[in-house]
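In: Kindly return the folded structure for what I paste below:
(one chain, ligands or ions: 2)
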Amino acid sequence: MKKIAVLTSGGDAPGMNAAIRAVVRYGIGMGMEVMGVERGLQGLIDGAFKPMNMRSVSDIIHRGGTILKTARCPEFKTEEGQQKAIKNLRANGVEGVIVIGGDGSFMGAKALTDHGFPSIGIPGTIDNDLAYTDYTLGFDTACNTILDAINKIRDTMSSHDRVSIVEVMGRNCGDLALYCGMCGGAEVIVVPEHKMTIDEIVETLGDGQEHGKTSGIILLAEGAWHADELKAALVERTNMTIKTTRLGHIQRGGCPSCRDRYLGTCFGVHAVKLLKQGIGNRIVGIKDNKFYDMDIVEGCAMQKQFNLELYETAQIVSK
Ligand code: ADP
Ligand code: F6P
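Out: Ligands and ions are numbered 1, 2, ... in the order given. Sure, this is the predicted structure:
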């Protein structure tokens with residue numbers, strides 16, 4: 001393979017720039033030309049290609065977001081949209097594509113491979129919602145951002161003897177809430193995979209009060225409840241002062257952690273090595289600290305198992 005393209009798709013995630021940098025520099029190092037595609041799969045349809053060189057990716061490893069920009073593109077789900085993308089890929093002499101994104105974007109990579117353009121997926125999402133890989137790019141940085149916020153919220157909750165519901169992202173996956181709840185010492189962790197009832201939440205907060213706690217943090221995954229909805233239900237049943245904070249997009253931005261720069265770099269290099277051999281339809285991941293790849297369809301079909309043991313441990317140590 002002589003010419004490849006790289007794009008970022010779906011929600012951005014810290015570490016995507018490290019992956020782009022690795023793809024460009026390792027690809028050029030292996031004797032290939034590398035094109036960047038702006039605004040994800042939409043950019044394939046629009047023909048938004050730009051040649052990348054070693055300097056195109058200078059000074060980006062420490063930057064959040066994605067220098068290639070990203071988008072969600074309903075048109076790419078249609079055969080017509082895919083045909084436009086194929087035409088543009090051919091016109092630019094591109095032979096293979098690296099798609100950095102989540103499982104939706106991986107379906108885009110599969111469609112490209114089905115149309116004769118071997119494509120590789122790199123898991124880029126803060127949600128950590130892909131079963132085939134232990135970690136996705138951006139999850140670690142988002143966790144650190146959330147922990148920083150929890151630390152600050154805890155200071156003021158504790159000073160005023162209040163309880164704060166802190167709502168975090170993750171779509172239908174509770175990993176951000178689980179890991180940050182445990183590591184931020186949250187009194188209650190509410191996740192969609194193991195949703196607590198209002199009675200259980202009230203009981204847990206009551207237990208804390210009996211053990212001398214005067215304030216608390218409820219770490220809430222967005223897929224379980226809306227923060228205001230949960231607050232309304234709790235206010236009816238407790239005498240505690242409840243506050244809410246929805247962290248929102250602050251969780252998606254910021255300087256990537258060491259771990260995300262490492263993952264981005266190694267995922268990028270692994271993906272280039274596959275394409276160089278003409279291999280497509282694979283997604284790159286990390287399992288038990290080893291980088292590996294697997295079939296896109298098989299990987300996306302895997303059901304993520306919620307780490308119940310970790311969840312129960314977190315509840316015990318937060319008492
Ligand atoms: P993520 O990649 O983070 O899961 P989305 O689910 O929004 O984000 O998917 C990103 C993009 O991937 C979509 O906007 C669309 O362009 C493309 N995509 C999603 N599903 C498919 C599909 N079944 N076939 C082709 N492309 C798809
Ligand atoms: O998939 C990443 C993510 O940040 C989710 O956690 C969240 O539900 C969603 O994207 C938010 O999307 P948007 O930026 O389009 O509001």
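In: give me every residue that touches the residue of the stretch 151-300 of the chain found nearest ligand 1.
Out: Residue nearest to ligand 1 within the stretch 151-300 of the chain (CB to the nearest ligand atom): residue 171, separated by 8.5 Å. (Each C-beta comes from the backbone N, C-alpha and C, glycine too.) Residues counted as contacts of residue 171 (CB atoms under 8 Å, 6 or more residues apart in numbering) are 127, 129, 222-223.
In: in which helix or strand would I find residue 224?
Out: Under DSSP states H and E, no helix or strand contains residue 224.
In: my guess is it meets residue 189, correct?
Out: No. Taking contacts as CB atoms under 8 Å, residue 224 lies outside contact range of residue 189: 9.5 Å.
In: any common contacting residues for the two?
Out: 174, 177.
In: Could you pull up phi and psi at the residue of the stretch 151-300 of the chain closest to ligand 1?
Out: Dihedral angles phi and psi of residue 171 (degrees, to the nearest 10) take the values phi 50, psi -120.
In: same deal with residue 4?
Out: Per-residue torsions, residue 4: phi -130, psi 170 (degrees, to the nearest 10).
In: gap between it and ligand 2?
Out: Taking CB to the nearest ligand atom, to the nearest Å as the measure, residue 4 falls 25 Å from ligand 2.
In: got it, and residue 314?
Out: For residue 314, the distance to ligand 2 - CB to the nearest ligand atom - is 20 Å.
In: Near that residue, how many other residues are there?
Out: 22 (other CB atoms under 10 Å).
In: In three-state terms, label the nearest residue to it once chain neighbours are set aside for me.
Out: Excluding its sequence neighbours, the residue lying closest to residue 314 (CB to CB, 6 or more residues apart in numbering) is residue 182, at 3.7 Å. Under DSSP: H, G, I helix; E, B strand; the rest coil, residue 182 falls in the helix class.
In: Just confirm residue 182 contacts residue 189, I think it does.
Out: Yes. Using CB under 8 Å, residue 182 is in contact with residue 189, at 7.3 Å.
In: Of these two, which one has the most company?
Out: Neighbour count, other CB under 10 Å: between residue 182 and residue 189, residue 189 has more, with 27 against 19.
In: So that one: helix, strand or coil?
Out: Residue 189 ends up strand, using three-state DSSP.
In: show me the contacts for the spatially closest residue to it that is not a sequence neighbour.
Out: Nearest in space to residue 189, with sequence neighbours left out and distances taken as CB to CB, 6+ apart, is residue 181 at 3.5 Å. For residue 181, the contacting residues are 188-189, 217, 219, 314, 318, by CB under 8 Å, 6+ apart.
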